[in-house]
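S.K.: Model the following, please.
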Amino acid sequence: MPGNTVSRERSWRALAALCVGLFMTLLDQSLVAVALPQIRRDLDATLNQVVWVSAVYLLTFAVPLLVTGRLGDRFGQRRVYLTGMALFTLAALACAFAPTIEWLIALRAVQGLGGSLINPQPLSIINRIFPRERRGTAMGVWSAVAGSTGLFGPVIGGLLVGTVGWRAVFLFYVPLGLVSLFMVHRFVPRLPQAVARIDATSALVSLVAVLGVVFALQQGPEYAWAPWIWGVLLVGAVAFAVFVWLQRRTGEGALVPPALFAHHNFRLGIVAVSTLGFAVYSVNLPIMLYLQQGAGLSPQAAGFMLVPMGVLSVLLAPMAGRLTDRLPPGLISRAGFLALISGMVLFAAFMHLAAPVPLFLLPIVLLGAANALAWSPNSAITMRDLPVRLTGAGSGVYNTSRQVGAVLGAAALGAVMQTGEGTVSLGAAMGTAMLVPVGLLAVGLLAVSRFRAD
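M.R.: Numbers count the residues shown, from 1 in each chain. Presented below is the predicted three-dimensional model:
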């Protein structure tokens, strides 16, 4: 595929600049989660209100991704990224001075929108500034930075909340945001726009579709799946059907051009990333619940148990990326999915058997290696053969698929854990929850096994 590649030195500087924004947006959940108890006390918030401090960010982050990915194609990924970073940083600054919980929730919604403008652009930029034979390596670095947020988030959050207070968590974003704005403005090149227009009707219908599905799945357990939640889900499903119909009728301005799915590896990669999102983003809850309530570890000791997972993911991701550039497509991805399935099954078995705590290090190590071997190769192979005019749309679809998979996974595991609570032992309930993603991961394994060299 002909690309808009730049010099090797500038492409790596651009990647470093983009990684600052990635670190910020992915750090948010683990960073803010640490501050929620203090926010609740200081702002006299109800439990439901404090949950919405996190939930509304996830909602406004996930829902517009299809649109924000395509905006990069229309107005330039660099410009949309800078706009998103400015919005994210200003909203974070305002959050630090929020006088009430209602103001904080509203400002978090704005911050999530900023994150949504940022998130799809780097994947598109990487595919346009790196030649095909170096994209796996670049994605490996990208994934290592993403993996590091799970390590640093609780540590940084704990230090800031414990020494300064919860407002410092939001102030922490401000200097990082300014650094990101400067670096992206300085090092990321202006790239030609890929499309002349975007169909506004498709954009509006996509927002209704994703909002309906994500909101219903995210809030369904909170409201005990009341009839109105099913109504919201039905509206989202109908809007999705209308959206698909619109994409087939719309020409160049389609939000999700049907031409995307003519690419074999893209189709398979979307399936694979959905299963990864389903599995990886939700399993920490049953693991932490079991280690603390089942195995009797303190929160600190349980947190330290997971450190090898993060360390391995960070260390192995760049290596996995380099190997993806050199080995047949899917080889590294298969190893990652197999390690992920094995780790889940071992966790389930050890929980059911109430195994000694040191044995849990084996599945923890497997999950750490799996994260490195599954994520960056899948991103590189899925995106690297798309033509320039489709990179923004492809990035939007890829990120949306991951986020919807994550919401589905959280809902499914939450339902299984709640069903088992009080009827079976904690180990049996959490162990059964760990098995929920295995069937879908098998589908992901089948998908990556069919990657081919186009």
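S.K.: so where do the strands sit in the stretch 51-200 of the chain?
M.R.: For the stretch 51-200 of the chain, applying DSSP state E, counting those that start in this stretch gives no strands.
S.K.: now the chain, which segments are flagged as low pLDDT?
M.R.: Scanning the chain for pLDDT under 70 picks out the ranges 1-6, 150-151, 194-196, 251-253, 299, 420-423, 454.
S.K.: Can you find which helix in it contains the most residues?
M.R.: helix 8-42 (DSSP state H).
S.K.: For that helix, which helices and strands make contact with it?
M.R.: helix 47-62, helix 77-96, helix 101-118, helix 121-129, helix 135-163, helix 167-171, helix 173-187 (3 or more CB pairs under 8 Å, 6 or more residues apart in numbering; DSSP states H and E). The C-beta positions use only the backbone N, C-alpha and C, and glycine is treated the same way.
S.K.: out of these, which comes closest to Ser298?
M.R.: Closest to Ser298 of these, according to CB to CB: helix 135-163, at 13.8 Å.
S.K.: Pull out the buried positions in the closest one.
M.R.: The neighbour-count check on helix 135-163 (16 or more other CB atoms under 10 Å) flags 135-151, 153-154, 156-157, 160-161 as buried.
S.K.: just how off-centre is that helix within its chain?
M.R.: The chain centre lies 13 Å from the centre of helix 135-163; the measure is CA atoms, centre = their mean, to the nearest Å.
S.K.: which strands and helices sit next to that helix?
M.R.: Partner elements for helix 135-163 (3+ CB pairs under 8 Å, 6+ apart): helix 8-42, helix 121-129, helix 167-171, helix 307-326, helix 361-383.
S.K.: Can I get those in JSON lines including distance to Gly336?
M.R.: Formatted as JSON lines, the helices and strands packed on helix 135-163 follow (distance: least, CB to CB, whole Å):
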{"stretch": "helix 8-42", "distance to Gly336": "19"}
{"stretch": "helix 121-129", "distance to Gly336": "18"}
{"stretch": "helix 167-171", "distance to Gly336": "32"}
{"stretch": "helix 307-326", "distance to Gly336": "8"}
{"stretch": "helix 361-383", "distance to Gly336": "3"}
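S.K.: one step back: would you mind finding the most buried of the helices and strands packed on helix 8-42?
M.R.: helix 121-129 (a mean of 27; mean count of other CB atoms under 10 Å).
S.K.: How about exporting it as PDB, limited to the C-alpha atoms?
M.R.: Taking only C-alpha atoms (Å, rounded to 0.1, in the frame of the first residue of the first chain), the coordinates of helix 121-129 have been written out as PDB:
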ATOM      1  CA  GLN A 121      -6.200   9.200  15.600                       C
ATOM      2  CA  PRO A 122      -2.800   7.700  16.500                       C
ATOM      3  CA  LEU A 123      -3.700   4.300  15.000                       C
ATOM      4  CA  SER A 124      -4.400   6.100  11.700                       C
ATOM      5  CA  ILE A 125      -1.300   8.300  12.000                       C
ATOM      6  CA  ILE A 126       1.000   5.300  12.700                       C
ATOM      7  CA  ASN A 127      -0.400   3.500   9.600                       C
ATOM      8  CA  ARG A 128       0.400   6.600   7.500                       C
ATOM      9  CA  ILE A 129       3.800   7.600   8.700                       C
END
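S.K.: out of the helices and strands packed on helix 8-42, which comes closest to Phe304?
M.R.: Nearest of the helices and strands packed on helix 8-42 (CB to CB): helix 135-163, 10.6 Å.
S.K.: Give me the angle between that closest one and helix 361-383.
M.R.: With axes from the mean of the first three to the mean of the last three CA atoms, to 10 degrees as the basis, helix 135-163 and helix 361-383 are set at 130 degrees to each other.
S.K.: which parts of the longest helix of the chain are buried?
M.R.: 11-15, 17-32, 34-36, 38-40.
S.K.: wait, isn't Gly396 in contact with Val63?
M.R.: No: shown here, Gly396 and Val63 do not form a contact pair, counting by CB atoms under 8 Å, at 11.6 Å.
S.K.: Looking at these two now, which is surrounded by more residues?
M.R.: Gly396 (30 against 25; other CB atoms under 10 Å).
S.K.: what angle do the longest helix of the chain and helix 173-187 make?
M.R.: 160 degrees.
S.K.: and the angle for helix 8-42 with helix 77-96?
M.R.: Using the same axes, to 10 degrees: helix 8-42 against helix 77-96 is 20 degrees.
S.K.: relative orientation of helix 8-42 and helix 101-118 in degrees?
M.R.: Using the same axes, to 10 degrees: helix 8-42 against helix 101-118 is 170 degrees.
S.K.: Would you tell me which of the helices and strands packed on helix 135-163 gets closest to Leu233?
M.R.: Among the helices and strands packed on helix 135-163, helix 8-42 sits nearest to Leu233 (CB to CB), with 23.7 Å.
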